[in-house]
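here you go, sequence then predicted model.
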Amino acid sequence: MPHIHLPEGLQGIRSAMAFRPETAKPLNDLAEVLLHAPNSLPQGDRELIATYVSYLNDCYFCQTVHGAIAAACLDDDYNLVKRVKADFQAAEISNKLKSLLVIAAKVQKGGKNVTSEDIQAARAQGATDTEIHDTVLIAAAFSMYNRYVDGLDTWQPHDEALYRERGKKTAQDGYVSMSKEYLRQS
């Protein structure tokens, strides 16, 4: 049961955003830029970063929905998403993504945990400054999104099919487009 009266029938962050559309717009715009907009880092990789940080933060809704979006971007490879959460170093992902996940995990614990050696390791694997920047911002933003979802105790159903359906739509249409379903348009 949510800690405040949130709109019913909307899971996770969607209910919190529908409650306060003024704050939802910039949050959705940020997610759109970081996760869906064109970028040198593939959308699936960016979603895996969001998923992994959400997993580390133990946010069921975010790790599940972003895992579904990542899988939708990765030929429906839900097992890869599970392997990344369990042990990304052993998962079949690029060394560049592995080095970025190291950075993301350190940001999740606290930004000052990231070292110049972590950045150099990512650069050695081909990460650009923009990709490093976006990884840090995804990790920081998802620590905030996770706390937003869990801090209000939003409704988080455990129906995997619901997340998979939403994941496919969001992977294709993006965050701003999907938010039109539950936000009043100005």
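Okay, I see it.

what's the closest non-adjacent residue to residue 77?
residue 71 (5.7 Å; Cβ to Cβ, 6 or more residues apart in numbering). For the C-beta atoms, the positions are set from N, CA and C on the backbone; glycine is no exception.

look up how far residue 40 lies from that neighbour.
Residue 71 is 21 Å from residue 40, where distance means Cβ to Cβ, to the nearest Å.

pull the contacting residues for the residue nearest the centre of the chain.
Taking Cα atoms, centre = their mean as the criterion, residue 50 is the residue nearest the geometric centre of the chain, at 2.8 Å. Residue 50 makes contacts with 35, 62, 66, 70, 138, 142, as judged by Cβ atoms under 8 Å, 6 or more residues apart in numbering.

now the element after the helix or strand harbouring it, going C-ward?
Residue 50 belongs to helix 43-56 when elements are defined using DSSP states H and E. Remark: after helix 43-56, the chain's next helix or strand is helix 60-73, criterion DSSP H and E.

longest helix in this protein, by residue count?
The longest helix of the chain (DSSP state H) is helix 129-151.

now the angle between helix 60-73 and that helix, please.
140 degrees (axes from the mean of the first three to the mean of the last three Cα atoms, to 10 degrees).

how about residues contacting helix 129-151?
Contact partners of helix 129-151, identified using Cβ under 8 Å, 6+ apart, comprise 3, 12-13, 16, 27, 30-31, 34-35, 39-41, 46, 49-50, 53-54, 57-59, 61-62, 66, 96, 100, 103-105, 107-108, 111, 114, 119, 122-123, 127, 156.

about what we covered before: who's more crowded, residue 71 and residue 40?
Between residue 71 and residue 40, counted using other Cβ atoms under 10 Å, the more crowded position is residue 71 (25 against 11).

quick one, the one helix or strand residue 168 maps to and helix 43-56 angle?
Per DSSP H and E, residue 168 falls inside helix 160-173. For helix 160-173 against helix 43-56, the angle by the same axes, to 10 degrees is 140 degrees.

pLDDT (mean, whole number) over helix 160-173?
Throughout helix 160-173, pLDDT has a mean value of 96.

put the buried members of the contacts of helix 129-151 into a ChimeraX selection.
Applying 16 or more other Cβ atoms under 10 Å to these, the buried members can be selected in ChimeraX as follows:
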select :12,13,16,27,30,31,34,35,39,41,46,49,50,53,54,57,59,61,62,66,96,100,103,104,105,107,108,114,119,122,127,156
